[in-house]
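J.: Build me a model from this:
(chains A and B)
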Amino acid sequence: MNLSPTDSTTGVTAPTQSGAALLSLSDVHSFYGRIEALKGISLEVRKGEIVCMLGGNGAGKSTTLKTISGLMHPRSGHISVEGHDVTTVPAHKLVRLGIGQAPEGRRIFGRMTVLENLQMGAYSRSDKSEFPADFDRVFALFPRLLERKSQAAGTLSGGEQQMLAIGRALMGRPKLLLLDEPSMGLSPVLVEQIFAIIRDINSQGTTILLVEQNAQMALQVASRGYILQTGKIVLADTSANLAANEQVKKAYLGG
Amino acid sequence: MSIVTALLPFIILLPPFSGFGNQTDFVDGFAQAGVWVLLAVGLNVVVGLAGLLDLGYAAFFAIGAYTYAYGASPFSHNHIPFWPMLLIGAAVAAIFGLLLGAPTLRLRGDYLAIVTLGFGEIVPVVFNNSDKYTNGTNGITALYQPAIPGLFPNGFGFGNPVPYYITVAAIIAVAMILLYRLQDSRLGRAWMAVREDELAAASMGINTVTTKLLAFAIGASTSGLAGVYLSSKLAIVSPTQFGFTVSFTVLAMVVLGGMGNIWGVAVGAFVIYELQSQGLKQLNNFFASSGFPAIHLGFINIDFSTINFLNYQYLLYGLALVAMMLLRPEGLFPSRRRKAELHDVDDAGAANQELVEA
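T.: Numbers count the residues shown, from 1 in each chain, chains lettered A, B, ... in the order given. Reported below is the predicted structural model:
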C-alpha cells in the first residue's frame, strides 16, 4: 500500500463531529532508545466518539496508546486531556484524570480472583459506596464474569480474560477508554460479542479509542478512523469513507 | 499462636528438654531466635508481598544495630534509653531503605537483586573501614542494656535472658499486627498488584515507584528493630556480624517458611534458627557423649564424636532449599494465594475438567 502521508506537523484534518476534544495529540514523537517509533502523530478524540486506529504490525498503534496512557513519554510534541497538558504526567495519575485502558495482551492479575481484579480496577477511586453499582454494571455487560466471580483470573479463557480486562478498566470510571486489540486471539463469535459490548459501553457514555488489526470490525463500530504506517498517520477520515477507500480496502479489508 | 509464644519458655521444664545442660540456654536461644523472626517477617514484606528480590537485607540490620551503638554506648558518649532507640533505629533503617530504593527500584528482577547484593556488601565494609566513627574491626562494645525504671533500673543484666525474651516477643507481636494490617490495606493490595504485573498495576492508577519504595522502607525498618534489639542484647556491634550469610539465611527462612505468609515466615524462621543453633549443638553433644561407633569404610573414617555439626549449617540450608524447591516450592506454611500461584496449572486443568463434566 502506498498512501501519501498527510502533513503531520499541522495536524490531520478529519470531518468534525459534535463534542469537545477529550484527547488530543499534536506532533508526538516517541522513541524506543534511538529508534523513533512515532514520527509526529497528531490526532483528536472528542467526547462520546469511538475512534479507531488501524495499521499493520509495527505501525506504532500500541506505542501511540502507551504514549497516551503515560507508560511512555514522548520526546517531543504534546498530549492534552480536556485541554490540560499531560505530556509528562505518569500513568498512575492519568488514571485519575479519566484515562482507563485495557492494555495490550490483557495483562489481568492472573493469581487474583475475577472480583479482586475488578477491585484493583477501582484502586484510584475513593468513593467506595459507588462500587456496587459499578460491579453491577460490569456484570451486566459481561455476565460470564459474574459466573466466574471467585475464580482465579488466570484460569479464565482468552475471551473471558479480555472481558475482564475491559471490565477492570471500566471500574476506574474512565472518560476515555483505550482498548488495545480487544479481538486478538478470539474466535469470530467472541469478536462479534466483544464489539457489541464496546458499542454498549460507548452508548453508556464512555469515549473509546480503539486499536485494531481487525479493520472490518473496527470500522463498523467506530465513527472515525486513523490509519498508521511506520509511525505516521497516513489517512484520517470517517469510517464510512475509510471503508470505501480503495487503498484501505486493498490493504486492510481483503480486497 | 500467642499462647504458644507465651508458654514457649516453659518447655525447659519438660523432658527431654529439662535434661539438657544449661536451662537458660534455651530461653536465650528463643530470645535470639526473635531476631531472626523479626528479620524474616520484614524481608517477607519486600520479597513475599511486593515481589522484590533483596539480597542485601542484612545492611539494614547493620544500620539498626549501629544506630543503637551510636545512641547508647560509652564510645559515642550518648545514652539514649533503649525504648526510644527502637523507634529511632527503625526510622534510620527506613531512611536508608528509601535511599537505596530510590535510585535502584527502577531495576527489575535479577538486576535489583545484584544491586541489593552490592549494597549488602558495601555497608559492613563501610562500618569496618570508618574506624574513627565505628571503631573499625573491633566494633563498638559495652553498649548500654535496655532498662525499665523500677523493674530493671540498671538494665536487664547478662545472666537472665527472660526479660529479653519478653521484649522481643512484644516487638514481634506489635510488628506482626502492623504488618497484617498493612497486608490487608490499600498498600497491601498495591504490593500484590505490583508483584503480579507492574505495567498493569500502573494502568490501574497505582504509583508503582512509591509502592515499591514503601515495601523497601517498611522491610528495612523491621530489620532496624531487629538490629537495635540484637545489639542491646549482645552489648556489642561489629561489622562481621552482618555479612552476606545473614541476608542469605533470612531469605532462606522466608522461602522455607512460605513467602507471603506472615505467620508461616515467622514460624519458619523460629524453627530454622532453633534447628541450627540448638538442634545442631545437641547433635554435637549427643555424639560426643554417646559412644556412637566410628564408621570405617576403606579410606573413609567417620567418627561422629569429632564432627562439629555446626560447621555444616549452610550445607544443610542448601540441601533444605533444593529439597523444598523440588518438593514443596510454596514453603512449609504457604499463604493461600502463593499456593494457588504455584499450583494453578493443575487446578486450572481440574476446574476445566469439572466444567466439561458438568
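J.: from here on, contacts and neighbour counts on C-alpha atoms
T.: Will do.
J.: ok, longest helix in the chain?
T.: Because you didn't say which chain, this covers chain A. In chain A, taking DSSP state H as the definition, the longest helix is helix A:188-203.
J.: not quite, I wanted chain B
T.: Max-length helix for chain B by DSSP H is helix B:208-234.
J.: Okay, and the beta partners of A:V45?
T.: A:L23 (DSSP bridges).
J.: Now for the residue of chain A found nearest chain B: which residues touch it?
T.: For chain A and chain B, the shortest gap (C-alpha to the nearest C-alpha) falls at A:H92, measuring 3.8 Å. Going by C-alpha atoms under 8 Å, 6 or more residues apart in numbering or on different chains, A:H92 touches A:70, B:202-207.
J.: what's the answer for B:V35, then?
T.: B:168, B:226-227, B:229-230 are the contacts of B:V35 under C-alpha under 8 Å, 6+ apart.
J.: Please report which of these has the highest neighbour count.
T.: Top of these by neighbour number is B:G227, holding 33 neighbours under the definition other C-alpha atoms under 10 Å in any protein chain shown.
J.: Do a quick rundown of the strands in chain B.
T.: B:72-73, B:78-79, B:140-141, B:236-237, B:295-297, B:300-302 (DSSP state E).
J.: same deal with the stretch 101-250 of chain A?
T.: A:176-180, A:207-212, A:224-229, A:232-238 (DSSP state E, counting those that start in this stretch).
J.: looking at these, which is closest to A:S150?
T.: A:S150 lies closest to strand A:176-180 among these, at 24.8 Å (C-alpha to C-alpha).
J.: For that closest one, enumerate the helices and strands it packs against.
T.: If you count contacts as 3 or more C-alpha pairs under 8 Å, 6 or more residues apart in numbering or on different chains; DSSP states H and E, strand A:176-180 packs onto helix A:61-68, strand A:99-102, helix A:158-170, strand A:207-212.
J.: Could you export these to a markdown table, including columns for distance to B:Q276 and mean neighbour count?
T.: Output for the helices and strands packed on strand A:176-180, formatted as a markdown table (distance: least, C-alpha to C-alpha, whole Å; neighbours: other C-alpha atoms under 10 Å in any protein chain shown):
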| stretch | distance to B:Q276 | mean neighbour count |
| --- | --- | --- |
| helix A:61-68 | 51 | 24 |
| strand A:99-102 | 50 | 29 |
| helix A:158-170 | 47 | 25 |
| strand A:207-212 | 58 | 25 |
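J.: quick one: which of those is nearest B:D110?
T.: helix A:61-68 (25.1 Å).
J.: Please export the C-alpha coordinates of the closest one as PDB.
T.: The C-alpha trace of helix A:61-68 is given here as PDB (Å, rounded to 0.1, in the frame of the first residue of the first chain):
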ATOM      1  CA  LYS A  61      -0.600   1.700  17.100                       C
ATOM      2  CA  SER A  62       0.300   0.200  20.500                       C
ATOM      3  CA  THR A  63       3.100   2.800  21.000                       C
ATOM      4  CA  THR A  64       0.600   5.500  20.500                       C
ATOM      5  CA  LEU A  65      -1.600   4.000  23.200                       C
ATOM      6  CA  LYS A  66       1.300   3.600  25.500                       C
ATOM      7  CA  THR A  67       2.300   7.200  25.000                       C
ATOM      8  CA  ILE A  68      -1.300   8.400  25.600                       C
END
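J.: quick one: strands adjacent to the following helix or strand past it?
T.: The helix or strand immediately downstream of helix A:61-68 is strand A:76-81, counting by DSSP states H and E. According to DSSP bridges, strand A:76-81 forms sheet pairs with strand A:21-32 (antiparallel), strand A:84-85 (antiparallel).
J.: mean confidence score for strand A:76-81?
T.: Strand A:76-81 carries an average pLDDT of 95.
J.: Between strand A:176-180 and that strand, find me the angle.
T.: 120 degrees (axes from the mean of the first three to the mean of the last three C-alpha atoms, to 10 degrees).
J.: Of all the residues in strand A:76-81, which ones are buried?
T.: A:77-81 (16 or more other C-alpha atoms under 10 Å in any protein chain shown).
J.: Over to stretch A:100-120?
T.: A:100-104, A:106-120.
J.: filter those residues by proximity to chain B?
T.: Filtering the buried residues of stretch A:100-120 for proximity to chain B (criterion: C-alpha under 8 Å from any C-alpha of the partner chain) leaves A:100-101, A:103, A:107-111, A:120.
J.: contacting residues for the nearest residue to B:L98 once chain neighbours are set aside?
T.: In space, and not counting its chain neighbours, B:L98 is closest to B:A217: 5.6 Å by C-alpha to C-alpha, 6 or more residues apart in numbering or on different chains. Counting by C-alpha under 8 Å, 6+ apart, B:A217 makes contact with B:93-98.
J.: So which of those residues are in helices?
T.: Counting by DSSP H, the contacts of B:A217 contribute B:93-98 to helices.
J.: Among those, which one sits closest to chain A?
T.: Nearest to chain A among the ones in helices among the contacts of B:A217, with distances taken as C-alpha to the nearest C-alpha, is B:L98, at 20.3 Å.
J.: ok, that closest one touching B:F216?
T.: Yes: in this structure, B:L98 is within contact of B:F216 by C-alpha atoms under 8 Å, at 6.8 Å.
J.: Please say which of the two ends up with more neighbours.
T.: Using other C-alpha under 10 Å, the more surrounded residue of B:L98 and B:F216 is B:F216, with 31 against 22.
J.: Would you mind measuring from the more buried one to chain A?
T.: 20 Å (C-alpha to the nearest C-alpha, to the nearest Å).
J.: That residue and B:G97 touch, don't they?
T.: Yes: with contact defined as C-alpha under 8 Å, B:F216 reaches B:G97; the gap is 5.5 Å.
J.: pLDDT weak spots in the chain?
T.: This is for chain A. For chain A, applying pLDDT under 70 flags the ranges A:1-19, A:255.
J.: Hmm, no, I was thinking of chain B.
T.: B:1-23, B:337-358.
J.: Can you name the residue of it nearest to chain A?
T.: Closest point on chain B to chain A, by C-alpha to the nearest C-alpha, is B:G205, at 3.8 Å.
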